[in-house]
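Visitor: the amino acid sequence is not available; the structure is as follows:
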């Protein structure tokens with residue numbers, strides 16, 4: 001592994017980023033998102049949080065051994081250009097020309113990530129599971145709310161900070177939270193962080209929804225403990241697939257029947 005080598009996800013790696021249920025650890029998933037065919041190994045390593053650098057080599061080796069990453073072969077002219085650019089960055093030291101940071105912040109990154117949790121306990125007879133949908137865009141809020149309602153969930157909807165606080169604290173404790181990254185008066189990542197720090201809510205599965213994903217945003221969501229990450233707009237079955245995964249359910253589960261405690 002040369003520090004100036006550049007890696008990108010293989011087709012298997014791309015499949016993990018759009019997987020119904022990824023098999024990768026959080027550290028491996030974090031690295032897979034970071035390697036984009038632009039950043040060098042050294043640049044990826046330097047952008048890792050200090051506490052994550054100790055597991056870098058092990059996670060990198062695991063991705064390479066599973067054929068999730070491939071070495072990007074550059075022609076001599078590109079190699080020379082890249083080296084000159086890095087020398088310029090080091091000399092000037094301005095974030096504005098940091099090509100690596102710009103790469104992480106580039107929008108248009110598509111993901112459908114879901115990590116399995118232990119299976120949720122079936123709802124008691126006559127009581128459906130509760131989902132909180134945090135979305136300020138009316139059409140998307142209606143779409144997600146209707147989709148989950150038709151799947152048997154009791155759905156509470158919130159579109160701003162005050163509503164979010166009220167709905168996630170209102171009994172019963174939600175069994176699932178679908179959380180928009182960008183709200184008019186709140187940051188979805190901050191809400192996620194607060195949920196993970198709350199003694200009652202910290203184990204509630206959270207799926208992040210975003211319209212303009214960047215690698216930087218996905219990495220942040222994974223690091224803060226998101227169980228799923230979906231790029232909008234998304235197909236109904238894509239949402240339900242991630243919901244099944246974070247609830248620990250097989251993909252052929254009929255959610256309405258399961259919510260009614262009569263699994264097929």
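Guide: Looks like it came in fine. Worth saying up front: this structure is predicted, and the values here are computed from it rather than measured.

Visitor: tell me which element residue 113 is part of?
Guide: Counting by DSSP states H and E, the element that carries residue 113 is strand 112-114.

Visitor: and for that strand, what's in contact with it?
Guide: Residues from elsewhere that reach strand 112-114, judged by Cβ atoms under 8 Å, 6 or more residues apart in numbering: 17-22, 29, 207, 218, 222, 227-231, 234, 238, 241-242, 245-246. All C-beta atoms are positioned from the backbone trio N, CA, C, and that covers glycine.

Visitor: which of those fall in helices?
Guide: Within the contacts of strand 112-114, residues falling in helices by DSSP state H are 17, 29, 218, 222, 238, 241-242, 245-246.

Visitor: just the buried subset of those residues, please.
Guide: Neighbour-count burial within these applies to 17, 29, 218, 222, 238, 241-242, 245-246; the criterion is 16 or more other Cβ atoms under 10 Å.

Visitor: tell me which of these is nearest to residue 148?
Guide: Proximity of those to residue 148 was ranked by Cβ to Cβ; the top entry is residue 242 with 11.9 Å.

Visitor: surely the closest one and residue 206 touch.
Guide: No: using Cβ atoms under 8 Å, residue 242 and residue 206 do not qualify as a contacting pair, with a distance of 11.1 Å.

Visitor: mutual contacts of the two, please.
Guide: residue 228.

Visitor: let me know the closest of the buried ones among the ones in helices among the contacts of strand 112-114 to residue 51.
Guide: The closest of those to residue 51 turns out to be residue 222 (Cβ to Cβ; 14.3 Å).

Visitor: for residue 200, see how far away the closest one is.
Guide: To residue 200, residue 222 is 23 Å away according to Cβ to Cβ, to the nearest Å.

Visitor: in the stretch 51-200 of the chain, which spans are helices?
Guide: With DSSP state H, counting those that start in this stretch, the ranges of helices along the stretch 51-200 of the chain come out as 56-65, 76-92, 99-105, 138-150, 161-169, 188-197.
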